[in-house]
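Visitor: here you go, sequence then predicted model.
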Amino acid sequence: MAETHVLFVEDDDVIREATQLALERDGFRVTAMPDGLSGLDAFRATRPDIALLDVMVPGLDGVSLCRRIRDESTVPVIMLSARADSIDVVLGLEAGADDYVTKPFDGAVLVARIRAVLRRFGHASGPDARSGAGKDAAAPAADGLLRFGDLEIDTEGMEVRKGGEPVALTPTEMRLLLEFSDAPGTVLSRDRLLERVWDYGWGGDTRVVDVHVQRLRGKIGQDRIETVRGFGYKLRG
């Protein structure tokens, strides 16, 4: 199996070199860049499996770099932020990032997040993406389609259409939509979504869920996913 290729953009020389060594010890192949512009060039030249982007890098900041990457690819992106309560976390998620890690970070935590995201993206490429599928899941029609009003989800081809037009979703957004579609009308808590979609076996930042729900609403319709205050979200049938 080929090594997982990580693009790592970080302007601090010590953090960049130490993190690169740590990731390489865990079996990753790493391309490390000191600024956003060289990071964008490296992304286009190498097409990595995952991108780790520090928010505060020169030339092209991490949030802008994430937007540029998301314009061209659905490759998973993890943002690195110096503050857990920073607005940069939300901006990074709104720009298309799939997750974030707060600095200073433990190497084992970073590796765990990377592997969780990669598992999520690997599963999103086929029918097994239906992480919540089971005996109580909503059964697709014989043609593999789930329909909710003008929203159509092809659970076999992993495609979504709204009003007959294709909707481009990232694998994380697809996993989130599939989780909702497995239990239409059922309120799903943020903690459950963190566990089922993001593979968090521990408490996580619910802003990750909230921002992804907002991004998903922007693509499938604002009224398709309802907020149930104090509890979570549910998909309207």
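Guide: Done, it's in.

Visitor: what strand or helix carries residue 177?
Guide: With the criterion set as DSSP states H and E, the secondary-structure element containing residue 177 is helix 171-181.

Visitor: same deal with residue 111?
Guide: helix 107-123.

Visitor: check which residues of the helix or strand that that helix is followed by are buried.
Guide: Proceeding C-terminally, helix 107-123 gives way to strand 145-148 as the next helix or strand, assigned by DSSP H and E. Under the neighbour-count criterion of 16 or more other CB atoms under 10 Å, strand 145-148 has 146, 148 buried. All C-beta spots, glycine's among them, are computed from the backbone N, C-alpha and C.

Visitor: alpha carbons of the helix or strand just after strand 145-148, as CSV, please.
Guide: Stepping forward along the backbone from strand 145-148, the first helix or strand reached (DSSP H and E) is strand 151-154. What follows is strand 151-154, C-alpha atoms only, in CSV (Å, rounded to 0.1, in the frame of the first residue of the first chain):
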residue,chain,number,x,y,z
LEU,A,151,-33.5,16.0,-2.9
GLU,A,152,-32.3,12.7,-4.3
ILE,A,153,-29.4,10.7,-2.7
ASP,A,154,-27.9,7.9,-4.7
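
Visitor: let me see the mean pLDDT of strand 151-154.
Guide: Here strand 151-154 scores 93 as its mean pLDDT.

Visitor: C-terminal to it, what's the next element?
Guide: The helix or strand immediately downstream of strand 151-154 is strand 159-162, counting by DSSP H and E.

Visitor: give me the helices and strands touching that next one, please.
Guide: Helices and strands touching strand 159-162, as assessed by 3 or more CB pairs under 8 Å, 6 or more residues apart in numbering; DSSP states H and E, comprise strand 151-154, strand 165-167, helix 207-220.

Visitor: adjacent strands (with direction) for it?
Guide: For strand 159-162, sheet partners with direction are given as strand 151-154 (antiparallel), strand 165-167 (antiparallel), following DSSP bridges.

Visitor: other residues contacting the shortest one?
Guide: The one in question is strand 165-167. Residues outside strand 165-167 that contact it (CB atoms under 8 Å, 6 or more residues apart in numbering) are 159-161, 219-220.

Visitor: same thing but 10 Å
Guide: 150-153, 159-161, 173-174, 177, 216, 219-221 (CB atoms under 10 Å, 6 or more residues apart in numbering).
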